[in-house]
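Participant: give me a 3D structure for the following:
(one chain, ligands or ions: 1)
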Amino acid sequence: MNVFPSRYMPCPDCGASLERREKSHDCEPERRLDFVLFQLRDDVAGFEGELAVYLATPRGRFEVFYAERERARRAPESAGETRS
Ligand SMILES: [Zn+2]
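Facilitator: From the prediction side, this is the model:
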């Protein structure tokens, strides 16, 4: 009789099915990225809204101003460049 519910368990880092007795496992980077993004999908979806709200506050507007100023200071040759 098998005392374990399954011989396999998901890798906590990438979600791949692993044999329990398997000691070493190298996560595939692409699989790991998909797994992490899948777990974070709600956070990612909420983040843009939260960021927009934050950037509308006085503090957020200052952060945008400061970040742009710092970027211009670090890369003077591209100071006038605008990105969209
Ligand atoms: Zn893994």
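Participant: what does the helix or strand containing residue 43 rub up against?
Facilitator: Applying DSSP states H and E as the criterion places residue 43 in helix 41-56. Outside helix 41-56, the residues within contact range by C-beta atoms under 8 Å, 6 or more residues apart in numbering are 37, 60, 61, 63, 64. Placement of C-beta: from N, CA and C, glycine included.
Participant: go again using 6 Å as the cut-off
Facilitator: With contacts defined as C-beta atoms under 6 Å, 6 or more residues apart in numbering, helix 41-56 is touched by 60, 64.
Participant: what's the mean pLDDT across the helix or strand just after it?
Facilitator: Following helix 41-56 in sequence order, the next helix or strand is helix 58-74 (DSSP H and E). For helix 58-74, the mean per-residue pLDDT is 95.
Participant: send over helix 58-74 as CSV, restricted to the C-alpha atoms.
Facilitator: Only the C-alpha atoms of helix 58-74 are listed here, as CSV (Å, rounded to 0.1, in the frame of the first residue of the first chain):
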residue,chain,number,x,y,z
PRO,A,58,1.2,64.7,-5.3
ARG,A,59,3.8,62.2,-4.1
GLY,A,60,3.4,60.1,-7.2
ARG,A,61,3.8,63.2,-9.4
PHE,A,62,7.0,64.1,-7.6
GLU,A,63,8.3,60.5,-8.1
VAL,A,64,7.7,60.8,-11.9
PHE,A,65,9.4,64.2,-11.9
TYR,A,66,12.3,62.9,-9.9
ALA,A,67,12.8,59.7,-11.9
GLU,A,68,12.8,61.7,-15.2
ARG,A,69,15.3,64.2,-13.7
GLU,A,70,17.6,61.4,-12.5
ARG,A,71,17.4,59.6,-15.8
ALA,A,72,18.3,62.8,-17.7
ARG,A,73,21.2,63.4,-15.2
ARG,A,74,22.6,59.8,-15.7
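Participant: starting at the chain centroid, how far to it?
Facilitator: Put simply, helix 58-74 sits 23 Å off its chain's centre (C-alpha atoms, centre = their mean, to the nearest Å).
Participant: before we move on, what about stretch 50-65?
Facilitator: 21 Å.
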